[in-house]
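Colleague: Next input, structure requested:
(chains A, B, C and D)
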There are 2 protein chains.
Amino acid sequence: MAAKNSGARSKRTRRTSERPPPQEPPLSRERIVTTAVELLDAQGIEGLTMRRLADRLGAGVMSLYWHVDKKEDVFDLALDAVLDYRASPPGNEPQDWRGEAIHMLEDWRASMLRHPWSASLLPRRVLGPNILSRLERLSQILSRAGVADTNLNAAIWSLWNYVMGATITLASFDVSDDDRAAAQQRLTRLSERYPTIERSRLLLDDDWNGAFRKGLGFLLDGLSPK
Amino acid sequence: MAAKNSGARSKRTRRTSERPPPQEPPLSRERIVTTAVELLDAQGIEGLTMRRLADRLGAGVMSLYWHVDKKEDVFDLALDAVLDYRASPPGNEPQDWRGEAIHMLEDWRASMLRHPWSASLLPRRVLGPNILSRLERLSQILSRAGVADTNLNAAIWSLWNYVMGATITLASFDVSDDDRAAAQQRLTRLSERYPTIERSRLLLDDDWNGAFRKGLGFLLDGLSPK
DNA sequence: ACAATAACTCGTACATTGTACGATAAATAT
DNA sequence: ATATTTATCGTACAATGTACGAGTTATTGT
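Modeller: From the prediction side, this is the model:
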């Protein structure tokens, strides 16, 4: 009957003069977002529920909905929060455009890998300010490098596609590389059917960084103005 | 009280001698899978629920669970069903490896675009027989083309990454290209912040096929043995 | 022929989710 | 003081995946 929580501290009661709220500053969009990122990092995409999020914030579930319209918004905000890019100011070094592009794309990939849930969310939501900034930046780099306006969009999307594919794939694998091992084993059993990829142990290959850089190089080679 | 469904035909009753079950052949994995694909095509990934699926099959929800362990399995099966590849027998034409590779990859992409829900599922489940077949095939093509064993895995994954990134992105966009338009509009309002991608109307570009082919070409150029 | 067993179907029940709807309370404006 | 805005949150509900076990039908063993 009595308190359902064995009454530890019925959440959020504070009349006048008490300890400064144990450690709950008032709810805010920022607090929600950073906590959401923590939760996503810890529990993955399935692990983020409004209830858990509220718990971590020491708040009631429905309080979240004053700051946020739907759960989707939380994802959007968390995603964008993870994608900001601090780099040298936009328009200085006209020299090493290739290096600049590579740096920016690898940093982008690294940011997503640091939060494996983020990669698979991004394609659905290309709209956040931080990701637009990155696209703008890339656009400028290529433009300054001499890529014709007619080819600019194709160039950007090619790079986008490559980075996203690589990152989503790796992030999903990371989530469960025992799956990967299991698959390679199953694959061995079927080696008559898949002799080539069995022999090269495709599913166990792990030089992802190397492979990424190599393919990226090829793309940039092709895209750079002759 | 009486029949909850205004009693059209209380599901699954048939004693002796009746019309051959109106059109419900017995439940089976295959029937479940093809119906799941239909449902996914019609309603998208969120639209597939066990209840809806069972309804479409004229069966009770829990009947599905005799043929399938978890909902995840339905996704896996539907995904693989959509990815099979019928092409010229594996080992004939030693000439046009580039054309062969392009054909296979574009067909793969097209298959996924025909079922926009499929692309985003694939990275999580690289294991189905049909997708393994495709990887095997690609492997053989590249191998026959003279790609050294040391570079084979990197080559395959580069192509995989590119194809997946391109397809996931496009499939997500297709789902909601009004979002895209809205974003471009929002972008116009912010044209001081994102001048370059605003000017090139990046988010409205729609020569996806062209861009895809171009980038793919660059990758193959880079990957082909000198 | 009949009994036993396997193959299959499905209703009920439950825990978990997102969130609509007000009822509060606190801060601020009038 | 009173009214309004800002913020919090409990209750309630509908939708979901699926555990459990009771049914039914088909197959097999004798």
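
Colleague: Per the annotation, how does chain A divide into domains?
Modeller: Taking automatic domain parsing as the reference, chain A has its domains at A:29-81, A:97-223.

Colleague: Select from those the stretch with the lowest mean pLDDT.
Modeller: Set side by side, these differ in mean pLDDT, and domain A:97-223 is lowest with a mean of 91.

Colleague: Columns mean neighbour count and distance to DNA strand D on top of the domains of chain A, output as a markdown table?
Modeller: No exception for glycine: its C-beta is placed from N, CA and C like everyone else's. Output for the domains of chain A, formatted as a markdown table (neighbours: other C-beta atoms under 10 Å in any protein chain shown; distance: least, C-beta to the nearest atom of the strand, whole Å):
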| stretch | mean neighbour count | distance to DNA strand D |
| --- | --- | --- |
| domain A:29-81 | 16 | 3 |
| domain A:97-223 | 19 | 16 |
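
Colleague: Kindly reformat the ones you listed as JSON lines containing distance to DNA strand C.
Modeller: Listed next are these as JSON lines, based on distance: least, C-beta to the nearest atom of the strand, whole Å:
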{"stretch": "domain A:29-81", "distance to DNA strand C": "3"}
{"stretch": "domain A:97-223", "distance to DNA strand C": "14"}
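
Colleague: Show me the one of the ones you listed that comes nearest chain B.
Modeller: domain A:97-223 (2.6 Å; C-beta to the nearest C-beta).

Colleague: Next one: residue A:222 from residue B:109, what distance?
Modeller: Relative to residue B:109, residue A:222 is positioned 19 Å away (C-beta to C-beta, to the nearest Å).

Colleague: ignore the last one, residue A:194
Modeller: Taken as C-beta to C-beta, the spacing of residue A:194 relative to residue B:109 amounts to 21 Å.

Colleague: can you give me the helices for chain A?
Modeller: When assigned using DSSP state H, the helices of chain A occupy the ranges A:29-47, A:50-56, A:61-67, A:71-81, A:97-114, A:116-121, A:129-144, A:149-175, A:177-189, A:195-199, A:208-223.

Colleague: okay, those in TSV with distance to residue B:60 next?
Modeller: Putting the helices of chain A into TSV (distance: least, C-beta to C-beta, whole Å) gives the following:
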stretch	distance to residue B:60
helix A:29-47	27
helix A:50-56	31
helix A:61-67	33
helix A:71-81	31
helix A:97-114	42
helix A:116-121	33
helix A:129-144	45
helix A:149-175	34
helix A:177-189	32
helix A:195-199	41
helix A:208-223	45
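
Colleague: Residue B:201 is nearest to which of the ones you listed?
Modeller: Among the helices of chain A, the nearest to residue B:201 by C-beta to C-beta is helix A:149-175 (7.8 Å).

Colleague: The closest one vs chain B: in contact?
Modeller: Yes: using C-beta under 8 Å from any C-beta of the partner chain as the criterion, contacts between helix A:149-175 and chain B involve A:149, A:152-154, A:156-158, A:160-166, A:168-169, A:172-173, A:175.

Colleague: just to revisit the earlier point, for residue B:54, find the nearest of the domains of chain A.
Modeller: Across the domains of chain A, closest to residue B:54 is domain A:29-81 (C-beta to C-beta), at 23.6 Å.

Colleague: so does that closest one get close to chain B?
Modeller: No: among the residues of domain A:29-81, none lie within reach of chain B under C-beta under 8 Å from any C-beta; the closest is 10.7 Å away.
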